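Visitor: missing the sequence, but the structure's below:
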């Protein structure tokens, strides 16, 4: 059995604490470490302050087997990663000859004067392994300090990634003994809430060990990540496949795809399979459904276009609805959604069309509450779906949820 | 002199430690807190594990005056924020009646059965202030625990942002506003790149002290945040106003607004001022321009609608372009953009219209390169703007930049 390594990622940099950038380094490293079966238990961000850097390192040393530090290795005064670790450990810092030569020749080749602070980038802990930086100036470092594996990497994502690939990952592969292989898949659901989905799987979630199953609410619905580790890739894949079947046997009706699949792509695929082209008529969504659909490459094969009839006058001009018809049924109604879908198919010469009308807010309209939405689907000469739903959130939440609901209804109808 | 508040942001969620998402919540919150002059000293991410959540909270309690926790408030078993804080503090958890009623009525209105785990979302600490969640189900909470201000917010960014704006920020304003006054304004620019803008202001950026000026590239162009602190609000406002005038004297031609102003709102305002209504015809943008415009409340006063003519067949059906015309000029051309704008105005009975056609990729079209975009503006019977531009990026970058360029051109024409 392999050791259960506990890892931590410490980012050093005030720019993160000011919100100037997000800590995407921690995200990327975590994703990579998961594939080696290494559990990341903490992300920490600390600013360019010597005592607080030391404090963060002290905590990491006390609780983690592997610590990956990003940032704070540059030439400027506020780069304090070396000094923080020195203050914690008392390790001596020396100048790395190879790095210093590299820095000097960089300036020499460009006929530029090297400012003295650049020497700082060549300073490394005595006894550390210097990790060559092929994408920038400051090298990384590895040192085993009192049985904790410390990696120091630059904060610039490109440099961090390159040193990780060339130096960190081979080390981790060696450390974890290549004994353990991780496989995972993400199952994507639509039309079922996170709590309902979890309710259906309560026992499985309780009993999970290997594979693990992790439900997560995302913008496009709920996803479940199934992750297994085993001695071989084939074995890990089989564990994932079996668990997947077990999940789908219960809630497969809501599962539209896996991994990189999106609901837009899925609907496009179903339209293509059935040889159909789609048109749309949009009121409250104002083009959002269409824009989401064409965000997927290849949309032009199945999507003709859309009539964005935002003002009531546009519904008269483009959909041929008369003022009398509108005063009888209103523009926020099931009848209007159905007429819009039929007219979209007719005007754009498609067999299939979808329509959206409703109240995005902030004001109510025709005495209908904010969030009231009507969606209709027309196919081969008749209305095949006509939904009335009440959505929550602000104006743009309602518009987004309405567009997503349209994809859900199309998926349910076409599948 | 004001108290120097020390803040910390703790994110709870294994999905962050698996690298499935980046901690953008911490970034956004940090950016906001900076404007209140509150120093964020730490970001911490901890997984869905009771003891480790408690440990992270214990550390935060020991070192911070303000702790903002995101995530772990949902209905599922791995949502452990409440339990972690309970374990640390021994505070009693009770059911919030208002929230429970909201949850129950949500399910009742939709004729859906509420699964028992949903009750969990209504559980709050006794004595806590419940922060209403207008964008989702689980409310936030505020509690002053042993002189540390604790805020618990949902992890879904949309919900987190809304509760922050409505509840957290007014609280912080109150907390910090009494002694030291921070005033800041964000100037918004379009049509000038970050490096050009910085070049124009080099000396000012170098010499900045109070106010500070911070240029930042954002989705809608470049912004400059001007922040001043002073003993009184009037004094801080004057510092900001003076610096603003200094900046605008140099690059005011590119400044379309301040603070919450968006280019969509600005264009809407200009249309309203001139008593004009707008129509659109969109090919590569596929409804994105229209959708962005109607994301602003009040769009129905000035925006009639859009013809999303995605397939060539749709250009024939909706715009009345003949196959002969198309084979002569092509659909990716200046001529096509101009015809689209004119047809949009005609079909939707508006004085003004804008059109977009081009190649979003991944494939070239009509021998035009990926990124080639044509935008035309029609007004009062004639074409008043016809632009050919080459945009970079992937399919959706190109679509977004094209829509944004449309807003820029409309702004330049209408202002």
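Guide: Yep, that arrived. All of these numbers come straight from a predicted model, not from anything done at the bench.

Visitor: need the contact list for whatever residue of the stretch 201-350 of chain A ends up closest to chain B.
Guide: Proximity of the stretch 201-350 of chain A to chain B (Cβ to the nearest Cβ) peaks at residue A:287, 2.8 Å away. Yep, even glycine has a C-beta here, placed from its N, CA and C like the rest. Residues near residue A:287 by Cβ atoms under 8 Å, 6 or more residues apart in numbering or on different chains: A:306, A:308, B:282, B:286, B:287, B:288, B:289, B:290, B:291, B:294, B:306, B:308.

Visitor: And what about the second one, helix, strand or coil?
Guide: For residue A:308, the secondary structure call by DSSP: H, G, I helix; E, B strand; the rest coil comes out as strand.

Visitor: Where does pLDDT dip in chain A?
Guide: For chain A, the stretches flagged by pLDDT under 70 are A:1-3, A:177-180.

Visitor: Number of residues surrounding residue A:245?
Guide: Counted by other Cβ atoms under 10 Å in any protein chain shown, the residues lying close to residue A:245 total 10.

Visitor: Which of the helices or strands spans it?
Guide: Secondary structure from DSSP states H and E places residue A:245 in helix A:233-251.

Visitor: For the helix or strand just after that helix, which outside residues touch it?
Guide: Going down the chain from helix A:233-251, the next helix or strand is strand A:255-258, by DSSP H and E. The contact list for strand A:255-258 (Cβ under 8 Å, 6+ apart) reads A:185, A:186, A:187, A:188, A:189, A:190, A:248, A:263, A:265, A:266, A:411, A:415.

Visitor: count of neighbours near the fifth one?
Guide: For residue A:189, the tally of surrounding residues (other Cβ under 10 Å) stands at 24.

Visitor: hang on, the earlier thing: contacts for the helix holding residue A:245, please.
Guide: Counting by Cβ under 8 Å, 6+ apart, A:181-185, A:187, A:189, A:192, A:197, A:200-201, A:204, A:210-211, A:213, A:224, A:226-230, A:255 sit against helix A:233-251.

Visitor: Spell out which residues of the stretch 101-250 of chain A are next to chain B.
Guide: Residues of the stretch 101-250 of chain A lying close to chain B by Cβ under 8 Å from any Cβ of the partner chain are A:194-196, A:198-199, A:202, A:205-206, A:214-217, A:225.

Visitor: same thing but 10 Å
Guide: When proximity is defined as Cβ under 10 Å from any Cβ of the partner chain, the stretch 101-250 of chain A approaches chain B at A:184, A:186, A:193-200, A:202, A:205-206, A:212, A:214-219, A:223, A:225, A:227.

Visitor: Which ones among those residues map onto helices?
Guide: A:194, A:195, A:196, A:197, A:198, A:199, A:200, A:202, A:205, A:206 (DSSP state H).

Visitor: Residue A:284 contacts residue B:295, correct?
Guide: No - Residue A:284 lies out of contact with residue B:295 (Cβ atoms under 10 Å); the separation is 11.2 Å.

Visitor: Now do the shared contacts for the two.
Guide: Residues touching both residue A:284 and residue B:295 (Cβ atoms under 10 Å, 6 or more residues apart in numbering or on different chains) are A:360, A:395, A:399.

Visitor: Just the buried positions in the helix holding residue A:245, please.
Guide: Residues of helix A:233-251 classed as buried by neighbour count (16 or more other Cβ atoms under 10 Å in any protein chain shown): A:236, A:239, A:240, A:243, A:244, A:247, A:251.

Visitor: From residue B:57, how far out is the fourth one?
Guide: Residue A:243 sits at a distance of 33 Å from residue B:57 (criterion: Cβ to Cβ, to the nearest Å).

Visitor: same check, this time on the second one
Guide: For residue A:239, the distance to residue B:57 (Cβ to Cβ) stands at 35 Å.

Visitor: still on that earlier bit, which residue is the nearest non-sequential neighbour of the residue of the stretch 201-350 of chain A closest to chain B?
Guide: residue B:287 (2.8 Å; Cβ to Cβ, 6 or more residues apart in numbering or on different chains).

Visitor: now do residue A:96
Guide: Nearest residue to residue A:96 in three dimensions, chain neighbours excluded: residue A:124, at 4.6 Å (Cβ to Cβ, 6+ apart).

Visitor: Which element, helix or strand, includes that neighbour?
Guide: strand A:123-125.

Visitor: packing partners for that strand?
Guide: Using 3 or more Cβ pairs under 10 Å, 6 or more residues apart in numbering or on different chains; DSSP states H and E as the contact test, the elements touching strand A:123-125 are helix A:81-89, strand A:93-95, helix A:97-109, strand A:140-145, strand A:148-153.

Visitor: partners of it, with directions?
Guide: Sheet pairing for strand A:123-125, assigned by DSSP bridges, gives strand A:93-95 (antiparallel).

Visitor: ok, and what's touching the strand it pairs with?
Guide: Here strand A:93-95 has contacts from A:82-83, A:85-86, A:119-120, A:122-128, using Cβ under 10 Å, 6+ apart.

Visitor: next one: the strand holding residue A:124 to chain centre, how far?
Guide: Centroid separation for strand A:123-125 versus its chain: 36 Å, with Cα atoms, centre = their mean, to the nearest Å.

Visitor: mind listing what's buried in it?
Guide: A:123, A:124, A:125.
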